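>>> Predicted coordinates and the sequence they were generated for:
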Amino acid sequence: MNNNEKQPLVQVRDVCKYFKVGKKAYLKAVDHVSFDVFKGETVGVVGESGCGKSTLGRCMIRLYEPTAGEVIYDGKDITKLSKEEQKQFCQKVQMIFQNPYASLNSRMTVKEIVGEGLKQHGTPRKELEERVKTLLETVGLNKDHMSRFPHEFSGGQRQRIGIARALSVEPDFIICDEPISALDVSVQAQVINMLKELQEKRGLTYMFIAHDLSVVKYISDRVVVMYLGTVVETAETEELYGNTMHPYTKALISAIPEADPDRAKASQRIPIKGEIPSPINPPECCRFVERCQYATERCHKEQPELREMTPGHYVACHLV
Ligand code: SF4
């Protein structure tokens, strides 16, 4: 079934999140972003730090109220839910955070952390204990860990506790915000493979936020590339990596280290000039203009729209 025939689980429609930072100054962290997330798939959201991907994730789980636009979950605008619907939404949509050191309450035991959501939903004590035990086993820990505190665990184990906590309320959609970037390289693959296995077994839908394009390629069905608060390119993973169109995406992909020495020699790294500019009052033209080696006069005057180039492959660039 192609995406045109499927019903999206999440629809992000023209979402903006602006922060007022002065009298007339706005930090436009997310600026008119739209895309869909289909049931059972993983959508990777990539870009350099400061591109707005984490703010977008927070808008989608209502940790931030969008300044404009809509997030539709399972057919309903998440800002217009009744109390009961809001409760269900909090259960169905969970987030795994970047920093497993900061995201777990250091004064709570693992049992309290993983069981918190179950307790809020009125799970009886005995059943709660059994469910926490099963959840810990699901993520590769065991019942002996229940009475311990977060500081007694390694980074990888703490992220497993965070994943068990997210799974405890049986969500459908999980936003994974850079879930492996604070971990040792040796445990990153374990956590990624565990997330993939859990997705297959439980039919989960993921949005996977990351700056590492090789990880995103491995885990995602579709990829959204963000630059300075906007989407510059989005397509199915194979199409995006095999038929890259936007100069920014091309540069990001060319920077992925190549394991094969012959292919590494043959591949050419495309440089990006300078740093990502400030998102405060960004210019009304192509946001990538100062760093793009192909920029023309038009790029300095007009913001390119996201246009469909091949089915499902959207690009925002005047030259494509
Ligand atoms: Fe580069 Fe112009 Fe395309 Fe922007 S619109 S990415 S400046 S070529």
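Sure thing, it's come through. Numbering: from 1, shown residues only.
>>> And the pLDDT for the residue lying farthest from the centre of the chain?
Largest separation from the mean C-alpha position in the chain: Lys126, at 35.0 Å (C-alpha atoms, centre = their mean). If you check Lys126, the pLDDT there is 91.
>>> Please list all residues in contact with it.
By C-beta atoms under 8 Å, 6 or more residues apart in numbering, the contact list for Lys126 is empty. Heads up, the C-betas are built off the backbone N, CA and C, glycines and all.
>>> Just the C-alpha atoms of the helix or strand containing it, please, in CSV.
Here Lys126, judged by DSSP states H and E, is contained in helix 125-138. Backbone C-alpha positions of helix 125-138 (Å, rounded to 0.1, in the frame of the first residue of the first chain) are rendered in CSV as follows:
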residue,chain,number,x,y,z
ARG,A,125,-0.2,-2.5,43.4
LYS,A,126,0.4,-6.2,42.8
GLU,A,127,-0.3,-6.0,39.1
LEU,A,128,1.9,-2.9,38.8
GLU,A,129,4.8,-4.8,40.3
GLU,A,130,4.3,-7.6,37.8
ARG,A,131,4.0,-5.2,34.9
VAL,A,132,7.2,-3.3,35.8
LYS,A,133,9.0,-6.6,36.1
THR,A,134,7.8,-7.7,32.6
LEU,A,135,8.7,-4.2,31.2
LEU,A,136,12.2,-4.4,32.6
GLU,A,137,12.7,-7.9,31.0
THR,A,138,11.4,-6.5,27.7
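>>> residues of it that come out buried?
Leu128, Glu129, Arg131, Val132, Lys133, Leu135, Leu136, Thr138 (16 or more other C-beta atoms under 10 Å).
>>> Closest to the ligand out of those?
Thr138 (43.8 Å; C-beta to the nearest ligand atom).
>>> hang on, that closest one packs against Leu167?
Yes: under the criterion of C-beta atoms under 8 Å, Thr138 makes contact with Leu167 at 6.7 Å.
>>> Which neighbours do those two have in common?
Contacts common to Thr138 and Leu167, judged by C-beta under 8 Å, 6+ apart, are Leu198.
>>> low pLDDT regions in the stretch 201-320 of the chain?
Applying pLDDT under 70 to the stretch 201-320 of the chain flags residues 258-267.
>>> Mind jotting down where the strands sit in it?
Counting by DSSP state E, counting those that start in this stretch, the stretch 201-320 of the chain has strands at residues 205-210, 222-227, 230-236, 307-310, 313-315.
>>> starting at the chain centroid, how far to the first one?
Averaged C-alpha coordinates place strand 205-210 at 4 Å from its chain's average position (C-alpha atoms, centre = their mean, to the nearest Å).
>>> That one packs against which elements?
On a contact count with 3 or more C-beta pairs under 8 Å, 6 or more residues apart in numbering; DSSP states H and E, strand 205-210 meets strand 8-20, strand 26-38, strand 42-46, helix 53-60, strand 173-177, helix 213-219.
>>> Kindly report the same for the last one.
For strand 313-315, the packing partners by 3+ C-beta pairs under 8 Å, 6+ apart come out as strand 230-236, strand 307-310.
>>> winner for burial among those strands?
Comparing the helices and strands packed on strand 313-315 by mean neighbour count (mean count of other C-beta atoms under 10 Å), strand 230-236 ranks first with a mean of 25.
>>> show me what contacts Ile72?
Pro8, Val10, Gln11, Arg13, Ile78.
>>> And for Val315?
Val232, Glu233, Met245, His246, Leu306, Arg307, Met309.
>>> Look up how far the ligand lies from the nearest residue to Leu104 once chain neighbours are set aside.
In space, Leu104 comes closest to Pro150 once its chain neighbours are excluded; the distance is 4.2 Å by C-beta to C-beta, 6 or more residues apart in numbering. Per C-beta to the nearest ligand atom, to the nearest Å, Pro150 is found 43 Å from the ligand.
>>> Alright, calling it a day.
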